[in-house]
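> When you get a sec, could you give me coordinates for this:
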Amino acid sequence: MIAHRLGLAAVRSATKPNVFFSQNIPRMVLASAMSTSQARPVSTQKLSQEEGQQVLVNQRLNRPVSPNLGIYKMEQTWFGASAWTRITGCALSGAAYVYFTAYLASPLLGLHVESAALASGFAALPFVVKGAIKFALAFPFTFHFINGIKHLVYDLGIGFAKAQIKRGEIALWVSSFIGGGYLAFGL
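Predicted coordinates:
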């Protein structure tokens, strides 16, 4: 803080502002070189290995204990949007990795994973099975997408009140199911 004030004082006392503060540059360098941190004297002493171990044990006794998951509400930790965003993201990326790996390995294994074969196989399925497969892909996508938007809104500092969080959770789940249903059955 003192170095900052000295630097500002050197800049403010400039008499020729159009010359890039040439007479004040040495003062600003001196001000920036000054340390503003406090110094604590350090003392050391020889300890045996047992005494050193006892010092560590005593220090560990003063550390706070991390809370167990049992202190949290079940609906917030297990069924919360944050956990489900991670689950849906892993499910989507995992499905993509499995498909792309199968697509790359299909010529070697004699599988038919090209688009025409998948489209004709999918068209032969009953409507309910097609809808279930499409919903199984559409719901994680819409949930992950909408919750990503919600977190962008959180980054703006909006919606941190408890009532707003609860309403946001309900809106997230409802809109994800509606969006997943629309993508699965509406298109």
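> Where in the protein is the helix or strand with the lowest mean pLDDT?
Ranked by mean pLDDT, DSSP states H and E, the helix or strand of the chain with the weakest confidence is helix 2-12, at a mean of 54.
> mind exporting the helix or strand encompassing Glu51 as CSV, just the C-alpha atoms?
Under the criterion of DSSP states H and E, Glu51 resides in helix 49-61. Extracted as CSV, the C-alpha positions of helix 49-61 are listed here (Å, rounded to 0.1, in the frame of the first residue of the first chain):
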residue,chain,number,x,y,z
GLN,A,49,12.5,-37.5,15.1
GLU,A,50,10.1,-38.4,17.8
GLU,A,51,9.7,-34.8,18.9
GLY,A,52,9.1,-33.7,15.3
GLN,A,53,6.5,-36.4,14.9
GLN,A,54,4.8,-35.2,18.1
VAL,A,55,4.7,-31.6,16.7
LEU,A,56,3.0,-32.9,13.6
VAL,A,57,0.5,-34.8,15.6
ASN,A,58,-0.3,-31.7,17.7
GLN,A,59,-0.7,-29.6,14.5
ARG,A,60,-3.2,-32.2,13.1
LEU,A,61,-5.3,-32.0,16.2
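> Need the contact partners of it.
In this structure, residues lying in contact with helix 49-61 by C-beta atoms under 8 Å, 6 or more residues apart in numbering are Leu47. Yep, even glycine has a C-beta here, placed from its N, CA and C like the rest.
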